[in-house]
Structure formats: structure tokens, C-alpha cells
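Engineer: Sequence first, then the predicted structure:
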Amino acid sequence: MGVLVAFIAFFAMVFGIVYLFYTTRNKERMALIEKGADASLFNVGKEAGSSYSWNKFTLKMGMLAIGIGLGIIAAAILAEAGVLEEGALYPAMIFLFGGVSLVVFYLIDRKSK
């Protein structure tokens, strides 16, 4: 019964945060529009030349997931070979390969600019 209450409380909290975020954003935008602000203000980050891109974000997350997967595989191989103890091996390999994948993403992103 306690676990059910915890799940309900967690999802209620997430819903409340999302609800407050969108209602506050809507109120801010309506206040800016009433004062005569330019509507192009809301399109920040959506231009073609913008530094933020969903394609880059998905590439970064995909490379991170691949790095984590490779870290798990490498840790399993090292644990099976008996090179290191399993206690710190899995987190170390996950962080190592995840970090390497993010550095590779940075190098790819820097080259594309």
C-alpha cells in the first residue's frame, strides 16, 4: 500500500511541475503580447542557423547510450577475465565509455561548424 501511495505522489508531483511550467509560460507570453512585444521573441532557438538543434541533441543522446552499452560490455568482459573486481568495475566502465562518447560528440560537433 505504501508503494502505491509513493507512486501516486510521484506522478502527482510531476504533473504539478509540468502544469505550473506551462501555465506560467503562457501567462508570461500573454503579458508580453499585451504590452506589444514582438512575437518573434518566442521563436528563439528555432531558426536554421541556431546553435541548438534537436538533431544534435538526439545524436548526443544516441552516442551516450552507445557508450554506456559499450561500457557495460567492457565491464562484463573484464569481470569474466578476472582483471578487476566487479564492485567498482561496472560504474567505472559506464562512466568512462559514456564520457568518451560525449568527447567524440564534441569533436564531431566542432568539426561540423
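Structural biologist: The structure has been received and is ready for your questions.

Engineer: and the gap between the most centrally placed residue in the chain and Glu34?
Structural biologist: When the chain is reduced to its mean C-alpha position, the nearest residue by Cα atoms, centre = their mean turns out to be Met61, at 6.7 Å. To Glu34, Met61 is 38 Å away according to Cβ to Cβ, to the nearest Å. C-beta coordinates here come from the backbone N, C-alpha and C atoms, glycine included.

Engineer: what does the model give the residue nearest to the centre of the chain for pLDDT?
Structural biologist: What the model reports for Met61 is a pLDDT of 92.

Engineer: Can you classify it by secondary structure?
Structural biologist: Secondary structure assignment for Met61 (DSSP: H, G, I helix; E, B strand; the rest coil): helix.

Engineer: separation between it and Val103?
Structural biologist: From Met61 over to Val103 the distance is 15 Å, taken as Cβ to Cβ.

Engineer: Give me the distance from the top helix by length along the chain to the chain's centre.
Structural biologist: Using DSSP state H, we find that the single longest helix of the chain is helix 2-34. Offset of helix 2-34 from its chain centre (Cα atoms, centre = their mean, to the nearest Å): 20 Å.

Engineer: can you check stretch 54-61 too?
Structural biologist: The chain centre lies 9 Å from the centre of stretch 54-61; the measure is Cα atoms, centre = their mean.

Engineer: Could you do stretch 58-69 as well?
Structural biologist: 10 Å.

Engineer: start at 16 instead
Structural biologist: Sure thing, new numbering starts at 16, so read that last one as stretch 73-84.

Engineer: Extract the C-alpha trace of it and format it as CSV.
Structural biologist: Taking C-alpha atoms only, stretch 73-84 is exported to CSV below (Å, rounded to 0.1, in the frame of the first residue of the first chain):
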residue,chain,number,x,y,z
THR,A,73,19.5,13.2,-30.5
LEU,A,74,22.9,12.4,-31.8
LYS,A,75,24.4,13.2,-28.4
MET,A,76,21.9,11.0,-26.5
GLY,A,77,22.4,8.2,-29.0
MET,A,78,26.2,8.3,-28.7
LEU,A,79,25.8,8.4,-24.9
ALA,A,80,23.6,5.4,-24.9
ILE,A,81,26.0,3.5,-27.2
GLY,A,82,28.9,4.5,-24.9
ILE,A,83,27.0,3.2,-21.8
GLY,A,84,26.3,0.0,-23.6
